[in-house]
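K.L.:
Any chance you can model this:
(one chain, ligands or ions: 1)
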Amino acid sequence: MIHAAVLKKEVLEYLDPKQNENFVDCTIGEGGHAEDILNKIKPEGKVLGIDLDPQQIVSSHWLEAIYKDRVTLVNDSYSNLKEILERKSFAPVSGILLDLGMSSAQLEGTQKGFSFKIDQGLDMRYNDLTGYLTAEKIVNEYSYEKIEEILRNYGEEKFSKKNCQRNC
Ligand SMILES: C[S@@+](CC[C@H](N)C(=O)[O-])C[C@H]1O[C@@H](n2cnc3c(N)ncnc32)[C@H](O)[C@@H]1O
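P.N.:
Next up is the predicted model:
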């Protein structure tokens with residue numbers, strides 16, 4: 001495992017998983033948090049693990065080897081959570097975890113262009129089969145105003161206009 005799951009103690013404290021409850025890990029990554037949850041909800045409790053990056057799903061397959069049918073892995077976006085829960089007939093759900101961001105493996109071990117330290121193409125997609133735009137396309141083809149709007153609204157960047165050379 002490359003990624004060390006963060007705030008493990010706090011995650012367990014706030015989710016408070018109990019015997020035989022079911023949980024959804026919307027960003028399963030390499031399964032660090034999911035493993036902690038699975039150990040708390042044994043013997044019957046289940047985890048539905050979702051990740052948009054197919055490589056991360058591969059990296060969490062070790063959970064299936066240990067926890068068998070108490071783990072279900074789905075390569076999809078948590079934005080489709082309602083449909084995934086219906087499709088997998090996963091209920092009832094006692095709690096949902098979202099550990100947002102990216103893993104160490106995605107930063108350092110891939111060609112996704114997430115890292116400032118490695119010279120790579122500016123891809124920045126978790127899944128290149130989804131039809132999402134690359135960051136390279138956005139940076140090079142979107143207007144200044146559109147990029148500024150993205151940084152301000154989605155990045156909550158208060159200096160989104162800081163380097164503006166124009167009357168904007
Ligand atoms: C910080 S890592 C999670 C690490 C994980 N908690 C662990 O213990 O290894 C964040 C994960 O969210 C995934 N991710 C990002 N956007 C996503 C989305 N829209 N839907 C599902 N997963 C997403 C990334 O691929 C990455 O694996």
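K.L.:
Output the set of residues of this structure in proximity to the ligand.
P.N.:
Residues of the chain found near the ligand (CB under 6 Å from any ligand atom) are 3, 5, 26-27, 29-33, 50-53, 56, 77-79, 99, 101-103, 126. C-beta coordinates here come from the backbone N, C-alpha and C atoms, glycine included.
K.L.:
among those residues, which ones are buried?
P.N.:
Neighbour-count burial (16 or more other CB atoms under 10 Å) applied to those gives 3, 5, 26-27, 29-33, 50-53, 56, 77-78, 99, 102-103, 126.
K.L.:
Buried residues in stretch 5-15, which are they?
P.N.:
Across stretch 5-15, burial judged by 16+ other CB under 10 Å covers 5, 11, 15.
K.L.:
Identify those among those that sit within strands.
P.N.:
Of these, none are assigned to strands by DSSP state E.
K.L.:
Next, the contact list for residue 116, please.
P.N.:
If a contact means CB atoms under 8 Å, 6 or more residues apart in numbering, then residue 116 has no contacts.
K.L.:
So for stretch 122-129, mean pLDDT?
P.N.:
The predicted model assigns stretch 122-129 a mean pLDDT of 89.
K.L.:
So what would you say the end-to-end distance of that stretch is?
P.N.:
Start-to-end span of stretch 122-129 (CA to CA, to the nearest Å) is 16 Å.
K.L.:
which stretch of helix or strand covers residue 73?
P.N.:
Assigned by DSSP states H and E, residue 73 falls within strand 71-75.
K.L.:
What pairs with that strand, parallel or antiparallel?
P.N.:
If you go by DSSP bridges, strand 71-75 pairs up with strand 47-51 (parallel).
K.L.:
tell me what the worst-scoring helix or strand of the chain on mean pLDDT is packed against?
P.N.:
When each helix and strand of the chain is scored by mean pLDDT, DSSP states H and E, helix 104-108 comes last, with a mean of 87. If contacts are counted by 3 or more CB pairs under 8 Å, 6 or more residues apart in numbering; DSSP states H and E, helix 104-108 sits against helix 54-59.
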